[in-house]
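Peer 1: Everything below, folded, please.
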Amino acid sequence: MRIQHWQDAASLLVGAWLVASPFALGFSGAALWISIALGLGVVLFALEAFIIPSYLEEWGEMLMGLALVVAPWTFSYQQGSVTTSSVLAGIVVIVLACWELAMDRDFATWWHDRWHHRAG
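Peer 2: Numbers count the residues shown, from 1 in each chain. Next up, the predicted model:
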């Protein structure tokens, strides 16, 4: 297991926060279970990046981040720390995933070959 990008380690920490946040901030109900489930999803994508490095897990992390951003309104969380934690964690996960994609040579090569050298 090797860390290729520091963003994966940071995503792992954000995922761990999401799993622990219901207990640290004292929220319950749907917010508790959604935070734990999405946090575990972020953790699994980050771990996958350590085991089988590719750019594909970043897309999964972006989806998890988007789900975290919209979850408070989709599931009618109470306002306050629950919403703030979910939205901020989602934004951080999305930014880290985009940052890693921008720095990943394999993805940059694929993107360049796919969109800039189309046979016409």
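
Peer 1: what about W17, distance to S35?
Peer 2: With distances taken as CB to CB, to the nearest Å, W17 is found 9 Å from S35. For the C-beta atoms, the positions are set from N, CA and C on the backbone; glycine is no exception.

Peer 1: Mutual contacts of those two, please.
Peer 2: Listed contacts common to W17 and S35 are S85; contacts here mean CB atoms under 8 Å, 6 or more residues apart in numbering.

Peer 1: neighbour-wise, which of the two wins?
Peer 2: S35 (26 against 17; other CB atoms under 10 Å).

Peer 1: Would you agree the more buried one is in contact with S85?
Peer 2: Yes. S35 is in contact with S85 according to CB atoms under 8 Å; the separation is 7.4 Å.

Peer 1: what do those two both touch?
Peer 2: Joint contacts of S35 and S85 (CB under 8 Å, 6+ apart) are 18, 21.

Peer 1: worst-scoring helix or strand of this structure, pLDDT-wise?
Peer 2: Lowest mean confidence among the helices and strands of the chain (mean pLDDT, DSSP states H and E): helix 105-116, at a mean of 55.

Peer 1: Would you map the helices across this structure?
Peer 2: Here the chain has its helices, by DSSP state H, at 6-25, 30-51, 56-74, 81-103, 105-116.
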